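S.K.: Structure, please.
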Amino acid sequence: AFFASKLEHESKHCNGKGFQRPGSSTFDRVYTANQNCGHAYPTFLAVLWCAGLLCSQAPAAFAGLMYLFVRQKYFVGYLGERTQSTPGYLFGKRIILFLFLMSVAGILNYYLIFFFGSDFEMYIKTITSAISPLLLIP
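M.R.: A predicted model of the protein is given here:
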């Protein structure tokens, strides 16, 4: 909602009609940042859901909240110079990777239970709970 309101605000302050606004670099940056965040959101939802369902809910929820905070930082950084958005982008990629690895660990644990009868769920939950605070390190 914040991204859409910023886009609407910049759209109202630009001259011209439609999305073709010549010379409006502020609008272009806001529009591009909004599109980038919108394109990454389905991937985030998929890995968040899989990590929470297949592995552990608490670390997945923590990583999800961190991702939303990082996307906000990315968006605001994109409104300044483009180099200001790079830390938020890289931090977001790291969180998505963490959620993806949690999903893979949950899937592997399922197959280990199914084929071999070995359950490593408690070990996986302990490891992910221990690693999730490391996401705070920039």
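S.K.: for the chain, what spans make up the helices?
M.R.: 2-12, 25-54, 57-79, 86-116, 121-131 (DSSP state H).
S.K.: Looking at those, which is nearest to Ile137?
M.R.: helix 86-116 (9.5 Å; C-beta to C-beta). Bear in mind the C-beta positions are built from the backbone N, C-alpha and C, glycine included.
S.K.: ok so, going back, least reliable of the helices of the chain by average pLDDT, please.
M.R.: The minimum mean pLDDT among the helices of the chain belongs to helix 2-12 (a mean of 67).
S.K.: Put together TSV for the helices of the chain, with distance to Ile137 and mean neighbour count on each row.
M.R.: Putting the helices of the chain into TSV (distance: least, C-beta to C-beta, whole Å; neighbours: other C-beta atoms under 10 Å) gives the following:
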stretch	distance to Ile137	mean neighbour count
helix 2-12	25	14
helix 25-54	19	16
helix 57-79	11	18
helix 86-116	9	16
helix 121-131	11	15
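S.K.: Now do the contacts for the residue most central in space within the chain.
M.R.: In the chain, the residue lying closest to the centroid (C-alpha atoms, centre = their mean) is Tyr67, at 4.2 Å. By C-beta atoms under 8 Å, 6 or more residues apart in numbering, the residues touching Tyr67 are Phe44, Leu48, Gly92, Ile95, Ile96, Leu99.
S.K.: Next up, the contacts around the first one.
M.R.: For Phe44, the contacting residues are Gly64, Tyr67, Ile96, Leu99, by C-beta under 8 Å, 6+ apart.
S.K.: any idea how far Leu108 is from the second one?
M.R.: Plainly put, Tyr67 is 23 Å away from Leu108 if you go by C-beta to C-beta, to the nearest Å.
S.K.: rewinding a little: find the pair from the contacts of Phe44 with maximum spatial separation.
M.R.: Longest span within these, C-beta to C-beta: Gly64 and Ile96, 10.5 Å.
S.K.: do you know how far the residue nearest to the centre of the chain is from Thr26?
M.R.: In this structure, Tyr67 and Thr26 are 26 Å apart, going by C-beta to C-beta.
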